[in-house]
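Student: let's see this in three dimensions:
(chains A and B)
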Amino acid sequence: MDRLYDMVAQEPLLAALYALVGLAILFGGILGFAAVRYKVEGDPIVDQIDELLPQTQCGQCGHPGCRPYAEAIANGEAINHCPPGGQDTIDALANLLGVESIPLDAEHGEESDVATVAYIREDECIGCTKCIQACPVDAILGAAKLMHTVIADECTGCDLCVEPCPVDCIDMIPVTTTIDTWSWQRPGLIATDRQGEVA
Amino acid sequence: MTADQATKIASITIHEPVIHKTPGGIHPPDNKQQSLQRGLGIAPLPEKLVLPLNQHSGAPATPIVAVGDTVLKGQKIAEPSGSVSAAVHAPTSGTVTAIGLHPVAHPSGMNAPCITIESDGKEQWCQRNPVSNFTSQSPQTLLASIRDAGIAGLGGAGFPSHIKLSAADNGQAIDTLIINATECEPYITADDQLMRSYPQQVVTGIQILAHILGQPQRILIGIEDNKPQACDALQPHLQSTGIQLAKFPTKYPSGGEKQLIQILTGKELPNGRLPADMGIVCQNIGTVHAIYRAIVEGTPLISRITTITGDACAEPQNLETLIGTPMRHLLEHCGYQAQAGQPVVMGGPMMGFALTDLDAPAIKTTNCLLAPSTAEMPPQPPAQPCIRCGLCAEACPANLLPQQLLWHAQARNHQRLQSHNLFDCIECGACAYVCPSHIPLVQHYRAAKAELRQAARERIKSDRARERFEYNKQRKQQAEAEKAAKREARRIAAEQAKATLAKTHAQQEQTPTEQASDVVQAALQQVAAKQASPEQQRAKLERSVNSAESRLQRLEKKLAEGQAESSDAPLSEEQVSGYQAQIESARLKLTETQQKLKEFNNGQQTNLEDKVTAKVLASPKQTADKKVASLQKRLTGIEEKLAACDDDDLRQALENSASKFRSKLQDAQQEASALAANSGNDKPVTDPATVAATQQALAANKQKAPLTPQQQVERLQQRMQKAEERLATLSDPVQIDALQTSLANLQQKLADAQRALENP
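Tutor: Numbering: from 1, shown residues only, chains lettered A, B, ... in the order given. Just a heads-up that it's a prediction; the model follows:
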């Protein structure tokens, strides 16, 4: 102990150096341990982005599904390539990624207010299974040479089944509001806001 | 009733129920007197009753009747589907005329599936099963009866009652039963009227509930102090029942389940919890009466008391209404005069909604029809900006921050809306009532709630879509991998097959190659054997020349014969030309073969052998021809000499020799022509002796050729020896001379050979 005090007293520079090096090694060790022990698996930002995307799996963004687009966004692709998600999704993505919100890129399609669902005119279906193969979410039921039908609850309205149909028997019909899915609408703008809008 | 229970009840009745204070609330004019002036009326039987399949919260009921069926009053016409559902019964006897969409009382104004019954006016009841002594029945039986009777909360929410009441049956300890007789909303007096008209039935109903719930310690009837007559009517029937009447000051909205529980117990229902979790069951008093009817009278829920009020009605009153009676029918009975632009509201002025179609029927939850005049309910003034006055926060019974919720609702900030507990809003409308800016706050909250619910639905759907997409992708990848594996397997199999094939080939090829080489060699040998020595080749060539010649001659002869006038069968011109063509081709062939022969001869070393063969094997005709040719040549030479000669003696000698030659030539020509005429026999020499001699000579010649110098020397020495031996035996001097010359020659040759041997 006395020798330590002596060293500190006689060689303050050296003592300080020893102390700092010692601390550096200690904290380096702690950080290294933490990096291994608390390692985060995977890329959580991709999951977070994927969470915000509408999971239509329509491919309008140019990627084969929502997750690939989420990965592309994580790698720096623009956030405005998702027409089914629309401006809401872009805003949410901008909020998540801390970037400026931008309008939807019209090149990839336009945002539609009306949700649609595929409908097979069953009398005309020839049972070719092409739409079944095209469906990204396995929402079409049927077998070869047997009539197919869309499981409306699982259909994301991605349109991908319409094009392959050789007899054009698939329609994209708007999802109708029933008494069960009806909801209250927000009230109109208040008077002063309306005036502001006009002016 | 046991002594214990009696003491317990007595001890409870001693203490007046404690009334707790609740936050917020408003005091709008209650306007309840108008509808209480005429007592309880009975709505006349309409011609047509419309029964929506979904009058409750939960799944719609499933129809069990068909169009055209005759139904009796109280007959079940739709079964509950699933647990959270309620049955529907025919309110009167009649015929089912339609099962399909019909306008219903819904804020959306949409149509919903309904069963339409045309009444026959007989009011003929179906078989009922009244229970005289409910205490003898098990709670389960009673619950089943309640479920069967299609009873749903009559207060407004329409929650199937048997579910709420089966809490004790499910093992939850229920210590408090609260009967909601608050009826806090202005204008509505249905429950007030009910208590005034049927106090005994209501109390019995409460006792049935208590029995079902296992006799809770506390049974409270929560009632606002603006209903003294109802209290007075009930009080006598409550003696020694253990049921307490809890009166509390009027305040809107005390009638909310959560608010009432808080008022009567002081406990605040936590977010997302049910009253049963806290040992409390709360039932509307109208529901209690319906349960009484279902159990004691055996009557399903086919009617209820509805308040028809508002200044647009001449005779506002409470009506005993059959479920399914069209609103218009009820209003007309009360002298309703439609006012332009004024809606008819189902429910109270605070929480009700405007009806879009008065053909919509009254349902189980229709407690009030409010037809207000313009003065009574003026149109909502235009909304102004929020001034952050905070009145809404003071009025809120749920301790929420309505103005914050408004901001977040407008900004669609779902996260903040949830963190501000939007879903705890009971949509009572107190905030909007107090708002000085007339902001339709409740509508904002309803829309925001709908958006949140929609977002939640979409999230669930998108999660499912993601799951399905991932599965789809995985399946496709798997299929692809399987395909690739199969392809790889096929490739490997093909390669193996190829390798095996190559191996067997290699094995086979070694043998066959050997065989093949053998074959080739054999063939080559055959060819070599066939391809004969130059002599044979020449012989072949000569044969072909000969055959060509003979053919030519034959043809010429035929032609000549044919052309001869004496011929028996003179040739036609065609035949002649055909012969001539044949002759021409034969001639060509002859020249060709001769050419070939010549070439062969040139190519070959013309040695003795050939000469001999040629000479020996030459045909007689050839020999004759040659002879003729040489004789002619010589004759021509003699004649030339004769022409050039001027010496008489010499001319004479020449003429002699010329005539000799001419005669010789004539002979030769004759011989040749004879031979030509006899061309059929014109064959090479085949005399065996000649051939043998020739061959011997050839063999000798052959042997001679490859002799080594040593052999040559030996041979020569042998020959010399023979020659010397012969010389010794000879006696003829000429022969001796000749032998000696040849011997000298041989000696010379021998010397040469020896020299060659010594100096190779």
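Student: C-alpha from now on. contacts and neighbour counts both.
Tutor: Fine.
Student: what's the burial count for residue 168?
Tutor: Answering for chain A, as no chain was given. A:D168: 14 surrounding residues under other Cα atoms under 10 Å in any protein chain shown.
Student: my question was about chain B, not that one.
Tutor: Other residues lying near B:A168 total 20 when counted by other Cα under 10 Å.
Student: and it, what pLDDT?
Tutor: Looking at B:A168, its pLDDT stands at 80.
Student: helix or strand for it, which one?
Tutor: Following DSSP states H and E, there is no helix or strand that holds B:A168.
Student: can you tell me the closest non-neighbouring residue to it?
Tutor: Excluding the flanking residues, the one nearest B:A168 by Cα to Cα, 6 or more residues apart in numbering or on different chains is B:L213, at 5.3 Å.
Student: got a list of what that neighbour touches?
Tutor: Counting by Cα atoms under 8 Å, 6 or more residues apart in numbering or on different chains, B:L213 touches B:139, B:165-169, B:174.
Student: from chain A, how far off is it?
Tutor: Distance of B:L213 to chain A, given as Cα to the nearest Cα, to the nearest Å: 33 Å.
Student: swap in B:Q217?
Tutor: Using Cα to the nearest Cα, B:Q217 is found at 40 Å from chain A.
Student: any idea how far B:D175 is from that residue?
Tutor: 5 Å (Cα to Cα, to the nearest Å).
Student: more neighbours: the two, which one.
Tutor: Between B:Q217 and B:D175, counted using other Cα under 10 Å, the more crowded position is B:D175 (20 against 17).
Student: on the pLDDT front, check the closest residue to the more buried one other than its chain neighbours for me.
Tutor: Leaving aside its chain neighbours, B:D175 sits nearest to B:P216 (4.4 Å; criterion: Cα to Cα, 6+ apart). Predicted confidence (pLDDT) at B:P216: the value is 91.
Student: B:P216 should be in a strand, yeah?
Tutor: No. Applying DSSP: H, G, I helix; E, B strand; the rest coil, one finds B:P216 to be coil, outside a strand.
Student: picking up where we left off before, okay if I get the contacts of B:L213 as JSON lines plus distance to B:F600?
Tutor: Output for these, formatted as JSON lines (distance: Cα to Cα, whole Å):
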{"residue": "B:P139", "distance to B:F600": "134"}
{"residue": "B:L165", "distance to B:F600": "131"}
{"residue": "B:S166", "distance to B:F600": "129"}
{"residue": "B:A167", "distance to B:F600": "129"}
{"residue": "B:A168", "distance to B:F600": "131"}
{"residue": "B:D169", "distance to B:F600": "130"}
{"residue": "B:I174", "distance to B:F600": "135"}
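Student: for those, which two are the farthest from each other?
Tutor: B:P139 and B:I174 (13.7 Å; Cα to Cα).
Student: give me the phi and psi angles of the residue nearest to the spatial centre of chain B.
Tutor: Central residue of chain B (Cα atoms, centre = their mean): B:K476, 8.9 Å from the mean position. Dihedral pair for B:K476: phi -60, psi -40, per degrees, to the nearest 10.
Student: now swap in B:L49 and tell me
Tutor: Per degrees, to the nearest 10, the backbone of B:L49 is at phi -120, psi 140.
Student: before we move on, the earlier item: give me phi/psi at the residue nearest to B:D175?
Tutor: phi -60, psi 150.
Student: list the contacts of it.
Tutor: B:P216 is in contact with B:174-177, B:210, counting by Cα under 8 Å, 6+ apart.
Student: apply 6 Å and report the result again.
Tutor: B:174-176 (Cα atoms under 6 Å, 6 or more residues apart in numbering or on different chains).
Student: burial of the closest residue to B:Q380 other than its chain neighbours, as a residue count?
Tutor: In space, and not counting its chain neighbours, B:Q380 is closest to B:H438: 7.3 Å by Cα to Cα, 6+ apart. A total of 18 residues lie near B:H438 under the criterion other Cα under 10 Å.
Student: can you check the one 3 residues further on too?
Tutor: Using other Cα under 10 Å, B:L441 is surrounded by 25 other residues.
Student: alpha carbons of the helix or strand hosting B:A432, in PDB - could you do that?
Tutor: Using DSSP H and E, B:A432 sits in helix B:430-434. Extracted in PDB, the C-alpha atoms of helix B:430-434 (Å, rounded to 0.1, in the frame of the first residue of the first chain):
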ATOM      1  CA  ALA B 430     -71.600  14.800 -21.700                       C
ATOM      2  CA  CYS B 431     -68.500  16.500 -23.200                       C
ATOM      3  CA  ALA B 432     -70.300  17.400 -26.400                       C
ATOM      4  CA  TYR B 433     -73.200  18.700 -24.300                       C
ATOM      5  CA  VAL B 434     -71.000  21.100 -22.400                       C
END
